[in-house]
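>>> One predicted model, sequence on top.
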Amino acid sequence: MSKILVMIPSGEVYDHDCVRWYEYADIQASIDHYHNIGDAFVYDSSLKLLDFEKLDVLEIRTFDQAEVDRVNAEYDFVFLRGSNYINSEMRWPAATEQVLSKLKIPVLAFGVGAQAPVTGKLQLSEESKRMWRLIAEKSVTLGVRGAYTAEAMWDIGIRNTRIVGCPTAFRGLNPDMRIDLPPLERIKKVGVTMRREVSKAYARDVQVYLTKHRQMVKDLAARFDTVLMMQGEVEEKKLLWGTEEQKAEAWAALHNQEWLKHWYFDETMDELYRSRLWYSDVVADYESLVRSKDMVLGYRLHGNLMALSNGVPSVYFSYDSRTAEFAETFGIPCYDVFSEKPFVLEEYWDQSLFERFNQRFYTRYRDMREFLDENGIAHRMPEVTAKPRAQRQAA
């Protein structure tokens with residue numbers, strides 16, 4: 001098995017390939033810090049795909065030639081955890097380029113993605129262009145989230161991309177995973193992946209975004225046994241885990257924000273926030289939660305994907321290039337938040353729509369496995385055969 005390094009981890013590792021947030025047992029240690037636990041989903045999922053005996057973190061903030069020499073001698077490769085790194089605002093530590101240029105081992109970009117601006121064309125800094133060209137040179141292929149990201153890389157001269165989606169989709173290591181919809185009347189327990197924090201850099205119309213978000217939550221809560229799944233927002237953590245003083249501060253902070261006060265919170269949402277919030281700093285807790293649901297849907301890219309990877313139906317709410325790219329890569333049923341039509345669940349509860357996902361999942365699983373193989377990366381993904389599904393199961 002391999003000895004590997006991770007660049008830009010997101011959380012601490014326990015039990016070999018499981019991830020939780022740093023100092024998770026000390027609630028107050030990070031209660032004032034926003035961290036998107038969705039990034040930890042990707043890290044955890046990456047580790048579950050890879051076959052390794054030792055994992056360490058590659059230091060990219062400072063350059064030490066002796067340390068780089070040790071890394072080259074002792075480790076097999078370094079992977080960059082999949083995230084939204086390709087954007088106009090991304091800044092790399094000054095030493096990163098020097099560290100990577102001296103590496104003799106492969107550098108694996110593991111499902112990285114580009115973020116399009118609300119208007120205009122993506123403009124990368126010269127620093128970012130150099131970094132991505134360097135990473136591309138360090139591997140046979142560069143694993144990207146979807147077609148938009150591949151196009152962004154092509155525009156800066158990188159040709160060796162392969163579309164692999166996201167490791168989270170394949171964490172179950174099952175090429176035959178599929179979504180088969182039960183009758184809608186059998187749906188009782190629903191998880192809603194929440195994202196009330198938003199900016200004009202992501203959503204072109206914040207008022208529409210928030211009012212539709214609110215209406216979706218209220219409609220689902222009135223119809224199903226619903227849990228509001230948060231992903232690390234400070235105020236929601238304080239409402240769940242804080243002292244009485246912190247809870248009061250969080251409630252005031254939420255209701256004093258102009259956008260939220262006018263377009264998001266009302267009497268019903270207040271009550272749902274008091275009674276239905278859920279959050280955990282442990283990835284395994286999220287997986288257990290989605291497995292207990294009949295359906296998970298909403299605004300969180302990785303929260304929805306965690307459900308789909310466990311065979312739980314999910315519908316995406318698309319509001320930026322990331323969610324649209326994910327939905328296209330995996331063929332996921334997707335509602336455009338900025339369309340003029342209201343969201344009607346029945347219009348998406350259609351097996352033919354999920355058959356597109358089932359087919360695309362099978363294809364992307366194969367793509368991910370071939371990506372790891374062609375880069376010489378030891379992994380745990382079972383081989384995909386050309387046999388029909390029924391024959392594969394019988395075998």
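Everything's here; your move. Numbers count the residues shown, from 1 in each chain.

>>> Need the phi and psi values for residue 110.
Main-chain dihedrals, residue 110, degrees, to the nearest 10: phi -110, psi 70.

>>> ok, so what distance separates it from residue 259?
35 Å (Cβ to Cβ, to the nearest Å). (Glycine included, C-beta is placed from N, CA and C.)

>>> now stretch 314-328: how far from the chain's centre is it?
11 Å (Cα atoms, centre = their mean, to the nearest Å).

>>> who touches that stretch?
Outside stretch 314-328, the residues that touch it by Cβ atoms under 8 Å, 6 or more residues apart in numbering are 84, 113-116, 118, 145-149, 165-166, 198, 202-203, 209, 212-213, 216, 295-299, 301, 304-305, 307-308, 332-338, 343, 345, 348.

>>> give me that answer again for 7 Å
84, 113, 115-116, 145-149, 202-203, 209, 296-299, 301, 304, 307-308, 332-338, 348 (Cβ atoms under 7 Å, 6 or more residues apart in numbering).

>>> got it, and stretch 272-281?
Contacts for stretch 272-281 (Cβ under 7 Å, 6+ apart): 20-21, 24, 37, 217, 221, 226-230, 236-237, 239-240, 286, 289.

>>> that older thread, from the contacts of stretch 314-328, which ones fall inside helices?
147, 148, 149, 209, 301, 304, 307, 308 (DSSP state H).

>>> one step back: comparing residue 110 and residue 259, which shows the higher neighbour count?
Ranked by neighbour count (other Cβ atoms under 10 Å), residue 110 and residue 259 place residue 110 first, with 28 against 16.

>>> Check what pLDDT the more buried one gets.
The model reports residue 110 with a pLDDT of 93.

>>> so where's the stretch 51-200 of the chain uncertain?
Applying pLDDT under 70 to the stretch 51-200 of the chain flags no residue at all.

>>> Show me where it has its helices.
Counting by DSSP state H, counting those that start in this stretch, the stretch 51-200 of the chain has helices at residues 65-74, 96-102, 126-137, 147-155.

>>> Compile those helices into a markdown table and extend it with columns for mean neighbour count and distance to residue 254.
Shown next, in a markdown table, are the helices of the stretch 51-200 of the chain (neighbours: other Cβ atoms under 10 Å; distance: least, Cβ to Cβ, whole Å):
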| stretch | mean neighbour count | distance to residue 254 |
| --- | --- | --- |
| helix 65-74 | 13 | 45 |
| helix 96-102 | 18 | 37 |
| helix 126-137 | 16 | 35 |
| helix 147-155 | 19 | 33 |
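
>>> Compare those helices and give me the one nearest residue 7.
For residue 7, the closest of those is helix 96-102, at 8.4 Å, according to Cβ to Cβ.

>>> Report the contact partners of the one residue sitting closest to the centre of the chain.
Closest to where the C-alpha atoms of the chain average out (Cα atoms, centre = their mean) is residue 302, at 3.3 Å. Taking Cβ under 7 Å, 6+ apart, we find residue 302 in contact with 38, 41, 42, 168.

>>> and what of residue 104?
residue 72.

>>> again, only this time at 10 Å
68, 69, 71, 72, 73, 138 (Cβ atoms under 10 Å, 6 or more residues apart in numbering).

>>> Over to residue 354?
178-181, 308, 313-315, 331-333, 348, 361.

>>> tell me which residues of the helix or strand where it lies are tucked away?
For residue 354, the element it lies in under DSSP states H and E is helix 351-374. Going by neighbour count (16 or more other Cβ atoms under 10 Å), the buried part of helix 351-374 is 353-354, 357-358, 360-365, 367-369, 371-372.

>>> got the angle between that helix and helix 301-309?
Orientation of helix 351-374 against helix 301-309 (axes from the mean of the first three to the mean of the last three Cα atoms, to 10 degrees) gives an angle of 100 degrees.

>>> Show me where the protein has its strands.
All strands of the chain, identified by DSSP state E, fall at 2-7, 12-14, 18-20, 52-57, 77-81, 107-112, 142-144, 161-163, 189-193, 225-229, 277-278, 295-298, 316-318, 334-336.

>>> ok, and what's touching the second one?
For strand 12-14, contacts defined as Cβ under 10 Å, 6+ apart pick out 6, 18-24, 40, 43-44, 47, 55, 57, 281-282, 284.

>>> The third one now?
Applying Cβ under 10 Å, 6+ apart, the contact partners of strand 18-20 are 9-14, 37, 39-48, 280-285, 287.

>>> Try it again at 8 Å.
For strand 18-20, the external contacting residues (Cβ under 8 Å, 6+ apart) are 10-14, 40, 43-44, 47, 281-284.

>>> And the last one, by the same measure?
Taking Cβ under 8 Å, 6+ apart as the criterion, the residues outside strand 334-336 that touch it are 315, 316, 317, 318, 323, 324, 327, 343, 348.

>>> And residue 304, how close does it get to residue 330?
Plainly put, residue 304 is 10 Å away from residue 330 if you go by Cβ to Cβ.
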